[in-house]
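Peer 1: missing the sequence, but the structure's below:
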DNA sequence: CGGGGAGTTGAGAAAGTTCAACTGTGGTGG
DNA sequence: CCACCACAGTTGAACTTTCTCAACTCCCCG
C-alpha cells in the first residue's frame, strides 16, 4: 500500500509526494510537477489518532487536507446536543473548502488517520491558476452531493434494519480494500457513531446488528470486526435495487 | 419582476436574455456577451405546468436548464415505491449536470415553472472554455451540498413537529420574495410532497400543520396559503439555533 | 347536485426510544 | 497474577411517537 509507484515524472516529483496515493486519485493529480513542488513546501503530513477534532462547526477553516489513510466523519449538531453525521470521508478524499471562511460542520477523525494539510490560501491560489484543479474539486463535490442525497433517502424512508444494512453496505463497498468474496472489515465507527449516522439510538443499532447476525447476513467478532458472506443478500436487506 | 433591467452591455446582450434574472444570479452571469449569444441561440424558454417530469431517475440527461420561475423537486425512489425528495430548486438555480450521462434522481416541477433549457454538450463546451463558469457551477454545487447536509440533520434527528416547522422556515426564507414582517406565502408543495420531503406520512404532516396552527405559530387559509406572524418563534419550533 | 381529489381527524398497531440492568473486555494497580 | 474498574456494547420492559387504515370534510368543477 505504501510502495513507491513508478512514475514517468518521478524525478520532478517532490520526494514527499512520490509514494502518495492522493496524487493519483485525489486533487493533487491535477497539478503539474512545479505546482506540486510549491504545494509540498507548505504542506505537512500528520498522523492523528481516532477522535481528533480537525475543525469545529462554525469555526474558521484556515487549512485544507488530503486524507491519506483512515476515515473522517463530518457532523452537524443541534443546540440541545442532538447530533447527525452528515458525511464520511475516506482516503483519498479532499477535506476543506476553498473560499469559505467558516466550516458548516465539524470534522473529526473516526479512526487513526493520516492527512496531508496545507493552508487554504495556498490552495485558492492554485485553483485560480489551474482550471483543472477546480474541475477536480467540483467533481468531488458532486460525488459528495450524490452520496448525501442517497443518504437522505436512507434517513427519511428506510426502517432501522434497512438503515443498518445500508451502513454496512456502504462500509463494505467504500472502505477496506479487501473487498473479495466473503467481505471482511473493521468498522471505522463505534455504535454511537453509527447511531448518529443513521438517525437512530445506540440500542436500536445494537439490536439490528444482533438481528442481522442471527439472520446470517453478517458475522461479528470483537464488536468491530464484521464479515459479509454474501454482499447481494446484504443489499436486499438494505432495500437497494 | 419581469421588468427590463438597465445594463451596461444591453446592446450586446441577446434580446431573450435582457430581462432574464438568471443572467445575474445564476450561471449565465459568468458568460461574456459573445458566449451568451451563442448559448441563447441553442436555448429554449419553456413554461411548464406543475407536476411535469423533466428527467427520470437513471435516465440520460441531454439538456440542462436555468429555473426562471417556480420550484423543481428532485426525488429518489426505492424499488418498492417509497420516495424521498432530496432537494428543492428555486429560481434562479441551475438544473442538470455537465459530464454526467445519467441523472441520479428524477426532477419534477412542483409548481408552474418557467425554465430556459439548452443542450448539455453546449454547456460542456462553454465550461471547458470559461473557468469562471465552472467556478459558478462549483459554488452552486457546494450550496446544494450544504443544504442537503442541513436536511440530513432534519431527517435524522428532528421529530415530526420540528420537521414541519423546519420545512415552513425553509420555504419562508427561500421561496417568496414577500419576506417581510408577517411573512406570507403559497406553499409550493402538496401535503404528499411535504411528507416525501420530511420522511413522514401525509397524516403526520397534516396533524403537525394543525398543531402549529392551534399553537398560533402559523395561520392557514385554503390549505396552501400560509402566514408566519413571527419567524423567530417558528425557528424555535424548528429547533434551529 | 354529484363526483373526485386534497386534506383532516380518529383509533389501534407497529416501530423505535428510554431507562435500567447486565455482559464482556481491556487496562491498571495492588 | 488477579481483582477491580471503566467503557463499549447488549438485552429487556415500559413507554412514546409515528404509522396504518378508515372515515369524514371541504372545496372545486362540471
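Peer 2: Nice, I can see it. No experiment lies behind these values; they were computed from the predicted model shown. Residues are numbered from 1 along each chain as shown, chains lettered A, B, ... in the order given.
Peer 1: Please make it C-alpha for all contacts and neighbour counts, starting now.
Peer 2: Will do.
Peer 1: Let me know the secondary structure of the most centrally placed residue in chain A.
Peer 2: By C-alpha atoms, centre = their mean, chain A has its centre lying nearest to residue A:89, at 1.4 Å. Classification of residue A:89 using DSSP: H, G, I helix; E, B strand; the rest coil returns strand.
Peer 1: How about it, nearest residue that isn't a chain neighbour?
Peer 2: With sequence-adjacent residues excluded and distances taken as C-alpha to C-alpha, 6 or more residues apart in numbering or on different chains, residue A:89 is closest to residue A:72, at 5.1 Å.
Peer 1: Over to residue A:77?
Peer 2: Closest to residue A:77 by C-alpha to C-alpha, 6+ apart is residue A:83, at 4.4 Å.
Peer 1: cool, residue A:95 as well?
Peer 2: residue A:65 (5.0 Å).
Peer 1: for DNA strand C, what are the nearby residues on chain A?
Peer 2: Residues of chain A lying near DNA strand C by C-alpha under 7 Å from any atom of the strand: A:158, A:159, A:160, A:161, A:199, A:200, A:201, A:202, A:203, A:204, A:222.
Peer 1: please redo it, this time with the cut-off set to 6 Å
Peer 2: Taking C-alpha under 6 Å from any atom of the strand as the contact definition, chain A meets DNA strand C at A:159, A:160, A:200, A:201, A:203, A:204.
Peer 1: any idea how far the fifth one is from residue A:223?
Peer 2: In this structure, residue A:203 lies at 14 Å from residue A:223, with C-alpha to C-alpha, to the nearest Å as the measure.
Peer 1: Over to the first one?
Peer 2: Look at residue A:159 and residue A:223: by C-alpha to C-alpha, they are 22 Å apart.
Peer 1: Over to the residue nearest to residue A:89. Which of the three states is it?
Peer 2: Counting by three-state DSSP, the backbone at residue A:72 sits in strand.
Peer 1: any idea of the pLDDT on it?
Peer 2: Residue A:72 is assigned a predicted lDDT (pLDDT) of 97.
Peer 1: and it, what are its bridge partners?
Peer 2: Residue A:72 has the following beta-bridge partners by DSSP bridges: residue A:89, residue A:109.
Peer 1: since we're on residue A:15, how many residues are nearby?
Peer 2: 12 (other C-alpha atoms under 10 Å in any protein chain shown).
Peer 1: what residue ranges in chain A score low on pLDDT?
Peer 2: A:1-11, A:21, A:176-182 (pLDDT under 70).
Peer 1: Can you report phi and psi for the residue nearest to residue A:77?
Peer 2: Note on residue A:83: its backbone torsions stand at phi -140, psi 150 [degrees, to the nearest 10].
Peer 1: domain assignment for chain A?
Peer 2: For chain A, automatic domain parsing gives the domain ranges A:10-154, A:159-238.
Peer 1: Just put those domains in JSON lines and tack on distance to residue B:31.
Peer 2: What follows is the domains of chain A, written out as JSON lines (distance: least, C-alpha to C-alpha, whole Å):
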{"stretch": "domain A:10-154", "distance to residue B:31": "16"}
{"stretch": "domain A:159-238", "distance to residue B:31": "38"}
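Peer 1: Next, format those as CSV and append distance to DNA strand D.
Peer 2: Output for the domains of chain A, formatted as CSV (distance: least, C-alpha to the nearest atom of the strand, whole Å):
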stretch, distance to DNA strand D
domain A:10-154, 10
domain A:159-238, 3
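Peer 1: ok, now how distant is residue A:116 from DNA strand C?
Peer 2: 28 Å (C-alpha to the nearest atom of the strand, to the nearest Å).
Peer 1: ok, back up a step: the residue nearest to residue A:77: how many residues sit nearby?
Peer 2: There are 20 residues near residue A:83, going by other C-alpha under 10 Å.
Peer 1: residues contacting it?
Peer 2: Residue A:83 makes contacts with A:75, A:76, A:77, A:196, B:153, B:157, as judged by C-alpha atoms under 8 Å, 6 or more residues apart in numbering or on different chains.
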